[in-house]
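>>> Give me the fold of what follows.
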Amino acid sequence: MPQDNLSEVLFKPSFKQPETSTLVKRSVPMTDSAHISLDGQNQPNWYRMMNKPLWAWRGVDLLEVEDVLARIAASGNERTSDHLLDTVVGYRSGNWIYEWATEGMRWQKAALDIAASDPDKAGDLWLKACNLFSIASYPHLRGDLLAQQVELLADRAYREAANYLPYQLKSLEFKVDGGTLTGFLHLPQAGNAPYPTVLMCGGLDNLQNDYYQLFRQYLAPKGIAMLCVDLPSIGFSSKWTLTEDTSLLHRQVLNQLNQVAWIDDQRVVALGVRFGANVAVRLGYLETRRLRGVACVGAIVHEMFVNREIQRLMPAMYRDIIASRLKMDSTSDNSLYIELGRYSLKTQGLLGRRCPVPMCAVSFEKDVISPISESKLISTSTNDGKLINVASTPLVSNLNRGLEQLTAWIEQKLC
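Below is the predicted model:
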C-alpha cells in the first residue's frame, strides 16, 4: 500500500474513541509541578509530561514542538478535563494525537517528494516523521486505539528511513512463550559481521525507534550493533502482560542470539533504560554466561517499587503508564503500591547479592524516580561495578557526556 495513503486508511473522522487520559481510572491527588531528568517536565495544565530536551536530542525541532503545543492549547473543542489542555476528545483539531500525527505526515510527504533527488535527505525526513508519530502515540497506554494506529505510521516511517540512511535495519522474529516477537537489529557500517551487540531494554513509555540516536551517535561509530526488544505490554510486545518476571521475553531472545548470523552471541551487553534496567539487571543474574556486562541508565530496580513517598511524587501520567502495563486500569494507589512491591529486585533476592557480571549505572542528579541509591546498589552488587553521575543541568550536554562514558565502558567489555 502506498505510504501516502496509509494515514487515510488508518484515520477516519471519529469522536467516540476514548481519550488517552481517561484510560486508567483511579482517584489520584494532583501532584505539584516537577521536573524529572529523563522523563521531562510535569506541568499542572497538561496530562502528558513535556520531555522537550530528549525530544530535541532525538532530532525534533523545538520551534516545531512549541508550534504543535500552541495548536493544542488554542483548541476550542471539547476536553475530558477542562484544566488539562491535551485532553481534546476525538481525532480532530486540538487532539494530541491528531496534531502530532498531522505534523508527522507533513514530513512524511516531504520525504516522499525528495526521495528520488536526494536520498540522504529523505532518510532524515523519514526519521523526523517517525519521531513525531512516536510523540503522537505517547505515552502508549494499553487500549489507546488512536495511539496504536499512529504507532503503525511510526513503524513504517522508521523502516522507510532505513532504506536511505547509512545503516542496516533487520527485522528479526523470535519464538517466545505465547507467540512470535519482533525485534529491530541495527547494524553499523564499521567492522564485519558477526558484530558485538547491545541488547536494548527500553523504558515503559518508549518505542524501539526512539533509541535510534543512541545507536547512531554512540554505538555505530564503535562498530557495535543494537538489538531492540520492547518490554512486555508495549509496542511489538503489547500482547504480553508485564509481570514481576520482567526479563521473560528478553531472556528468551538472548538464548536465541546464537541463531542470528549478524550477532556475535559471545559479546553481548544488556543496556536498560528506566524500567528496562530492571530487565537488564535481572538478565545479569539469570544469564551470567551469556552477557559480558549490564549497563543501566536512570535505573528503576528497587526504591520506586517499595517507597510510598517516591510513588506519591510520580506524576499522574507516569503512574497511569505503570498501571496500564500491569493491566490495573481501575485501581487505587494503595493497590498499585502493594502490587509494585513484587517488582523490586532486592525483594526478589537478586540485587545486593554478588553478581558475576560487570555492571555500570548512570545516575542523574535530582532524579525523583531513580535516586542515586539505585545506581549505587547496582554498581556495588558486583566486583566490577562503575557509577557514572550526570548533573541535572544542562541536561542534554551532560547526558551526552554520560553516554560517552557509558559507551566507552560497553566497548571495553565487548572487546
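>>> quick one, what contacts D384?
Contact partners of D384, counting by Cβ atoms under 8 Å, 6 or more residues apart in numbering, are 358-359. In this view, the C-beta of every residue, glycine as well, is placed from N, C-alpha and C.
>>> if you set the cut-off to 7 Å instead, what comes out?
The contact partners of D384, by Cβ atoms under 7 Å, 6 or more residues apart in numbering, come to P358.
>>> List the residues that contact the residue nearest to W57 when sequence neighbours are not counted.
Once flanking residues are discounted, W57 sits nearest to V396: 5.5 Å by Cβ to Cβ, 6 or more residues apart in numbering. Neighbour list for V396: 53, 56-57 [criterion: Cβ under 7 Å, 6+ apart].
>>> gap between A147 and L345?
From A147 across to L345, the span is 30 Å (Cβ to Cβ, to the nearest Å).
>>> for Y195, that is, sorry about that
As judged by Cβ to Cβ, Y195 and L345 stand 29 Å apart.
>>> More neighbours: which of the two?
The neighbour comparison of Y195 against L345 (other Cβ atoms under 10 Å) goes to L345, with 26 against 23.
>>> Surely that one is in contact with N278?
Yes - counting by Cβ atoms under 7 Å, L345 does reach N278; the two are 6.4 Å apart.
>>> joint contacts of those two?
Common neighbours of L345 and N278 (Cβ under 7 Å, 6+ apart) are V301.
>>> Strands of the stretch 1-150 of the chain, start to end?
Per DSSP state E, counting those that start in this stretch, the stretch 1-150 of the chain carries strands over the ranges 34-36, 40-42.
>>> weakest of these in terms of mean pLDDT?
Here the strands of the stretch 1-150 of the chain differ in mean pLDDT, and the lowest is strand 34-36 at a mean of 64.
>>> Can you give me every residue that contacts S330?
K25.
>>> Repeat that for A161.
123, 126-127, 130.
>>> what comes up buried for whichever helix or strand it is part of?
Per DSSP states H and E, A161 falls inside helix 145-162. Residues of helix 145-162 classed as buried by neighbour count (16 or more other Cβ atoms under 10 Å): 146-147, 149-151, 153-158, 160-162.
>>> List just the nearest of the residues you listed to D67.
Set against D67, the nearest of the buried residues of helix 145-162 by Cβ to Cβ is V150 (18.5 Å).
>>> Report the residue ranges of every domain in this structure.
The record assigns the chain these domain ranges, following automatic domain parsing: 3-156, 168-302+344-414.
>>> centre of the chain versus stretch 276-289, how much separation?
Centre-to-centre, stretch 276-289 and its host chain are 18 Å apart (Cα atoms, centre = their mean, to the nearest Å).
>>> my bad, stretch 164-176
Stretch 164-176 sits 17 Å away from the centroid of its parent chain (Cα atoms, centre = their mean).
>>> change the start of the numbering to 15 and stick with it
Got it, the first residue is 15 from now on, which makes the last one we talked about stretch 178-190.
>>> From the contacts of A175, which land in helices?
Using DSSP state H, the subset of these located in helices is 137, 140-141, 144.
>>> Neighbour-wise, give me the winner out of the residues you listed.
Counting by other Cβ under 10 Å, top hit in the ones in helices among the contacts of A175: C144 with 29 neighbours.
>>> so who does the closest residue in space to it that isn't next to it in sequence touch?
In space, and not counting its chain neighbours, C144 is closest to A171: 3.9 Å by Cβ to Cβ, 6+ apart. By Cβ under 7 Å, 6+ apart, A171 lies in contact with 122, 140, 143-144, 147.
>>> Among the residues you listed, which one sits closest to L186?
Set against L186, the nearest of these by Cβ to Cβ is C144 (19.1 Å).
>>> Can you name the residues that contact that closest one?
Applying Cβ under 7 Å, 6+ apart to C144 gives the contacts 168, 171-172, 175, 223.
>>> What of V103?
V103 touches 29, 33, 92-94, counting by Cβ under 7 Å, 6+ apart.
>>> Also V287?
216-217, 311-312.
>>> Just among the residues you listed, which is most surrounded?
Highest neighbour count within these, by other Cβ under 10 Å: V311, with 27 neighbours.
>>> What sits closest to the spatially most central residue of the chain if chain neighbours are left out?
Centroid-nearest residue in the chain, with Cα atoms, centre = their mean: N220, separated by 2.3 Å. Nearest residue to N220, sequence neighbours excluded (Cβ to Cβ, 6+ apart): V287, at 7.4 Å.
>>> Relative to Q163, how far out is the one you found?
26 Å.
>>> check which helix or strand covers K400.
Using DSSP H and E, the element containing K400 is strand 399-404.
>>> which of the residues in that strand are buried?
For strand 399-404, burial by neighbour count (16+ other Cβ under 10 Å) applies to 399-400, 402, 404.
>>> if we can go back for a sec, could you check the angle the host helix or strand of the residue nearest to W71 makes with strand 399-404?
Here V410 sits within helix 409-428, counting by DSSP H and E. Angle of helix 409-428 versus strand 399-404, following axes from the mean of the first three to the mean of the last three Cα atoms, to 10 degrees, is 160 degrees.
>>> what is the mean pLDDT for helix 409-428?
95.
>>> likewise stretch 341-357?
Within the predicted structure, the mean pLDDT of stretch 341-357 is 88.
>>> before we move on, what about stretch 78-88?
Per-residue pLDDT values over stretch 78-88 give a mean of 97.
>>> CA atoms of it as PDB?
Extracted C-alpha coordinates of stretch 78-88, given in PDB (Å, rounded to 0.1, in the frame of the first residue of the first chain):
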ATOM      1  CA  GLU A  78       8.100  22.900  15.800                       C
ATOM      2  CA  VAL A  79       7.300  21.400  19.300                       C
ATOM      3  CA  GLU A  80       6.100  24.800  20.500                       C
ATOM      4  CA  ASP A  81       4.000  25.300  17.400                       C
ATOM      5  CA  VAL A  82       2.200  22.000  17.900                       C
ATOM      6  CA  LEU A  83       1.700  22.600  21.600                       C
ATOM      7  CA  ALA A  84       0.200  26.000  20.800                       C
ATOM      8  CA  ARG A  85      -2.300  24.500  18.400                       C
ATOM      9  CA  ILE A  86      -3.300  22.000  21.100                       C
ATOM     10  CA  ALA A  87      -3.600  24.700  23.700                       C
ATOM     11  CA  ALA A  88      -5.700  27.000  21.500                       C
END
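>>> No further queries at this time; thank you.
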